[in-house]
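>>> Return atomic coordinates for the entry below.
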Amino acid sequence: MRRLMLLRHAKTESNAPSGQDQDRRLDDRGRHDAATIGDWIGRHPPFPDLVLVSPAVRALQTWEIAREAMKHHARQPQVEFLPELYGADPAQLLQTIRMASVNDPRRLLVVGHNPGMHELALTLTGSGDAAAKKALEHNLPTAGFAIFDFATDDWNDVAFRRGKLVLFISPKLLKRISGD
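Numbering: from 1, shown residues only. The predicted model follows:
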C-alpha cells in the first residue's frame, strides 16, 4: 500500500510587497492554521517519509510551521522543493507523485496550491469516507489536509479514481470537532 497526503498552503496576505504571487506570505491566521494542522498530523501517525513542497513562499512557510509543530511527535521526513508544483494541474501533480517511485517512500506528502490540489483530490477519489468526500467536494481550503491510500506498492500505479479517501481535515473542521 502507498499513502498520499495532500496539504494546501495556509491562509495568505492578499498581495506580496513585491507584487509577485509566489512571494505572498502567510497571514496571522495562516501561521496559526499551519501550526494546528502540523500538530494534528504529528499526533496521527503514520507520518510522511518524503515531503514534496512548492517553492512559493506561502507553501514553504506552511511546511516549515507544520514541520515545527509535528517534530514533537514525529521523526523528520526527507524534503524536496519542486518548482513544478507551483501552478500545477492534476495531470502534472500526478506525474510528480509517480516520480516518487525513485525514492519509493511508503507515505508521501505534497504541499501545494489550488486549484490543482483540489482538482487532484477530487480526481484521485475512487472510494472512501463518504462524509470526507462530501466535505472535500466544494473546496480544499487553506491548510486543508487529505489522505489517500492506494492498493499498490508502486507509485507508478497511482491513478485517477484509484484512491481511497481515508480522511479530510481542515483547521475549521478541527475547531468544529473540538467545540472551540
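
>>> before we move on, what SS does the residue nearest the centre of the chain have?
Geometric centre of the chain, nearest residue: residue 7, 1.6 Å, by CA atoms, centre = their mean. Here residue 7 takes the strand state, with states given by DSSP: H, G, I helix; E, B strand; the rest coil.

>>> Would you confirm that residue 147 belongs to a helix?
No - in this structure, residue 147 is strand, not part of a helix, as judged by three-state DSSP.

>>> buried residues in stretch 127-144?
Under the neighbour-count criterion of 16 or more other CB atoms under 10 Å, stretch 127-144 has 128-129, 132, 135-136, 140-144 buried. (Each C-beta comes from the backbone N, C-alpha and C, glycine too.)

>>> related to what we said a few turns ago, need the contact list for the residue nearest to the centre of the chain.
By CB atoms under 8 Å, 6 or more residues apart in numbering, the contact set of residue 7 is 37, 62-63, 66, 109-112, 143-145.

>>> Just list whatever residues bridge to it.
Applying DSSP bridges to residue 7 gives these bridge partners: residue 111, residue 145.

>>> pLDDT score for it?
If you check residue 7, the pLDDT there is 98.

>>> about what we covered before: closest one of the buried residues of stretch 127-144 to residue 161?
Distances from residue 161 to the buried residues of stretch 127-144, taken as CB to CB, are shortest for residue 128 (11.3 Å).

>>> For residue 34, see how far away that closest one is.
25 Å (CB to CB, to the nearest Å).

>>> just to revisit the earlier point, could you rank the contacts of residue 7 by neighbour count and give me the top one?
The most crowded member of these, judged by other CB atoms under 10 Å, is residue 62 (31 neighbours).

>>> quick one: it is in a helix?
Yes - counting by three-state DSSP, one finds residue 62 located in a helix.

>>> Need phi/psi at the residue lying closest to residue 5 once chain neighbours are set aside.
What sits nearest to residue 5 in space, not counting adjacent residues and going by CB to CB, 6 or more residues apart in numbering, is residue 109, at 4.3 Å. When quoted as degrees, to the nearest 10, the phi and psi of residue 109 stand at phi -110, psi 130.

>>> tell me the contacts of residue 109?
Contact partners of residue 109, counting by CB under 8 Å, 6+ apart, are 5-7, 48, 50-52, 77.

>>> Which of those sits closest to residue 124?
The closest of the contacts of residue 109, once distances to residue 124 are taken by CB to CB, is residue 6, at 8.5 Å.
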